[in-house]
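1. this one's structure only:
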């Protein structure tokens, strides 16, 4: 994803900023999105990026264990995913935030959309950053379908040529994510 194809997006009323693909669609223009989330959709592929501000997961003493628990919670929220597995989980760092680390988890879930019977294999790229001084976890989830059932409503939304490249997008987010206004946590 060349830099000419991305743009700086302000999140949560300007409290954060991040570089995202310039072709992404703000989901809040199409449907209601909870206040703690920012969701962006690919216009021609069934990919999405969701950013969430969350209370730290109880009992997760490390950012890696929190990422694993978050993935498990997503599987439960996705209707008890028929199958899920963690492919990898490791730490990443951001030069702008040298003392802060991100857990990076890649997992796969076999899920159905909109209560359909057809199940799709979706690769999930999750970044989790603990903002301990604000008692908050910041989770970023890139949903990347890798196998879509022909009966799924998603089958018409696959344009592999235009798909965001997960590794490039995750790197761009890690490199560009900025907290601009910490007073967001005072509300």
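-> It's in. Everything quoted here is computed from the prediction, not taken from an experiment. Residues are numbered from 1 along each chain as shown.
2. what's next to the helix or strand of the chain with the lowest mean pLDDT, contact-wise?
-> Least confident helix or strand of the chain, by mean pLDDT, DSSP states H and E, is strand 97-111 with a mean of 81. Outside of strand 97-111, the residues within contact range by C-beta atoms under 8 Å, 6 or more residues apart in numbering are 62-64, 66-68, 70-71, 74-75, 78-79, 81-94, 119-129, 146, 170, 174. In this view, the C-beta of every residue, glycine as well, is placed from N, C-alpha and C.
3. For the helix or strand just after that strand, enumerate the helices and strands it packs against.
-> For strand 97-111, the following helix or strand on the C-terminal side (DSSP states H and E) is strand 120-131. Judged by 3 or more C-beta pairs under 8 Å, 6 or more residues apart in numbering; DSSP states H and E, strand 120-131 is in contact with helix 63-77, strand 97-111, strand 136-147, helix 166-176.
4. State the paired neighbours of the helix or strand that the shortest one is followed by in the sheet, together with their directions.
-> The reference is to helix 166-176. The C-terminal neighbour of helix 166-176 among helices and strands, as given by DSSP H and E, is strand 178-179. Strands that pair with strand 178-179, judged by DSSP bridges, come out as strand 16-21 (antiparallel).
5. Tell me what angle the partner strand forms with strand 136-147.
-> Relative orientation of strand 16-21 versus strand 136-147 (axes from the mean of the first three to the mean of the last three C-alpha atoms, to 10 degrees): 10 degrees.
6. Pull out the buried residues from strand 16-21.
-> 16-21 (16 or more other C-beta atoms under 10 Å).
7. what inclination does that strand have with respect to helix 166-176?
-> Using the same axes, to 10 degrees: strand 16-21 against helix 166-176 is 150 degrees.
8. what does strand 16-21 rub up against?
-> By C-beta under 8 Å, 6+ apart, strand 16-21 touches 1, 3, 5-11, 40, 42, 49, 51, 138, 164, 169, 172-173, 175-180, 184.
9. ChimeraX command to pick out the buried ones of those?
-> Only the buried entries of the contacts of strand 16-21 go into this ChimeraX selection, using 16+ other C-beta under 10 Å:
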select :1,6,9,11,40,42,49,51,138,164,169,172,173,176,177,179,184
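10. if I look at the closest residue to residue 17 other than its chain neighbours, how far off is residue 168?
-> Nearest residue to residue 17 in three dimensions, chain neighbours excluded: residue 178, at 4.7 Å (C-beta to C-beta, 6 or more residues apart in numbering). Relative to residue 168, residue 178 is positioned 19 Å away (C-beta to C-beta, to the nearest Å).
11. One more: residue 34?
-> According to C-beta to C-beta, residue 34 stands 27 Å off from residue 168.
12. if you count what's nearby, which of the two comes out ahead?
-> Set residue 34 next to residue 168 and count neighbours by other C-beta atoms under 10 Å: residue 168 wins out with 14 against 10.
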